[in-house]
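1. After the sequence you'll find the predicted model.
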Amino acid sequence: MTAARTVKLGKRWILFNPALMSEPKLDFFDCQLLEQQGMIHGRATGRGDTCFYDVGESSWALRHYLRGGLIARLLKDKYFGFRINHSRAWKEWLLLQQMIEKNLPVPVPVAASVIKKGLFYQADLVTEFIHESQTLADMLESAALDKQMWNNIGNCIRRFHEQSVYHSDLNAKNILIEKKNKVYLIDFDRCGFKQGSDWKQANLDRLKRSLNKFLSKSPGFNFSEQNWQQLLHGYQSLS
């Protein structure tokens, strides 16, 4: 594995994999600048502004960290913190790298960026873009999945649980399925390794609540109790 490097460009600190991003540039961490240069080929909505862009033969996803809840009205994208290596971007980059080394299906981390502003910081994360993929939520809006696909999703989640990886926001938007039906988990902000087993059922329950919430908002959403049992079968059958 290529050793990570850290550089400072202006007020921005960057942690990056030099095998993937040989020369960090400020533009790589600004969706507005990338759009002005015609480099963006897509966007995603959710917690944080995410844009997808190409650099040479590489395709990357850039996510700007945004707060949720009531505090977002006041601070929006500012987080309290003094130490760069304790920032959310740094922690997520390092966690992704650890999961890659454990052969877990997650986006490959490219770079993490932090700008210090007094007592606060702003952060961004760049990962490799997973081509021809959709979130589980988006797929279920338009089509039903077969039993094997639900088994695969359950199997994927079990692999993370077996490695003690806790996803703090396991929902239908954070499960990604690519064209060859490989299942990924994405968005590991505030996630990490967790001891014990009690949390694993709660993790699954959170996902089920997410799926039922989508169903309640859209009666045509392709999810049923039978699908959930198929997912659990995949989860329980991993040897």
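-> Structure received. Residues are numbered from 1 along each chain as shown.
2. contact partners of stretch 9-20?
-> Residues from elsewhere that reach stretch 9-20 (CB atoms under 8 Å, 6 or more residues apart in numbering): 2-8, 24-26, 29, 58, 84, 89-90, 93, 97, 108-117, 126, 128. For glycine as for every other residue, the C-beta is placed from the backbone atoms N, C-alpha and C.
3. All the helices of this protein, residue numbers only.
-> Secondary structure of the chain by DSSP state H: the helices cover 31-36, 72-75, 88-101, 136-142, 147-162, 198-217, 225-237.
4. possible to save these as TSV with mean pLDDT and mean neighbour count?
-> Shown next, in TSV, are the helices of the chain (pLDDT from 0 to 100; neighbours: other CB atoms under 10 Å):
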stretch	mean pLDDT	mean neighbour count
helix 31-36	94	14
helix 72-75	69	10
helix 88-101	97	19
helix 136-142	97	18
helix 147-162	98	19
helix 198-217	97	15
helix 225-237	97	16
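5. Now render these as a markdown table, adding distance to D49.
-> Supplementary listing: the helices of the chain in a markdown table, determined by distance: least, CB to CB, whole Å:
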| stretch | distance to D49 |
| --- | --- |
| helix 31-36 | 6 |
| helix 72-75 | 13 |
| helix 88-101 | 14 |
| helix 136-142 | 18 |
| helix 147-162 | 26 |
| helix 198-217 | 21 |
| helix 225-237 | 30 |
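6. show me what contacts the closest residue to C51 other than its chain neighbours?
-> Once its chain neighbours are removed from consideration, C51 has its nearest residue in C31; the separation is 4.1 Å (CB to CB, 6 or more residues apart in numbering). The contact partners of C31, by CB under 8 Å, 6+ apart, come to 40, 43, 49, 51, 62, 64.
7. please redo it, this time with the cut-off set to 7 Å
-> The contact partners of C31, taken as CB atoms under 7 Å, 6 or more residues apart in numbering, are 40, 49, 51, 62, 64.
8. Flag the least confident of those residues.
-> In terms of pLDDT, D49 ranks lowest among the contacts of C31, with 74.
9. Quick check, it in contact with H64.
-> Yes - contact criterion CB atoms under 7 Å: D49 and H64 qualify, at 4.5 Å.
10. hmm, which of the contacts of stretch 9-20 are the buried ones?
-> Burial by neighbour count, 16 or more other CB atoms under 10 Å: within the contacts of stretch 9-20 this picks out 4, 24, 29, 84, 89-90, 93, 97, 109-116, 126, 128.
11. Go through the residues you listed and flag which are in strands.
-> Among the buried ones among the contacts of stretch 9-20, the residues falling in strands (DSSP state E) are 109-116, 126, 128.
12. Between those residues, which sits nearest R209?
-> The shortest distance between R209 and any of those, using CB to CB, involves P109 and amounts to 28.6 Å.
13. The nearest residue to that closest one once chain neighbours are set aside: what's it in contact with?
-> In space, P109 comes closest to L96 once its chain neighbours are excluded; the distance is 4.0 Å by CB to CB, 6+ apart. Residues touching L96, when contacts are defined by CB under 7 Å, 6+ apart, comprise 106-107, 109, 127, 188.
14. what does W228 give?
-> W228 is in contact with K208, counting by CB under 7 Å, 6+ apart.
15. do you know how far the one residue sitting closest to the centre of the chain is from E225?
-> To find the centre residue of the chain, average its C-alpha atoms and take the closest one (CA atoms, centre = their mean): that gives D187, at 2.0 Å. Here D187 is placed at a distance of 26 Å from E225 (CB to CB, to the nearest Å).
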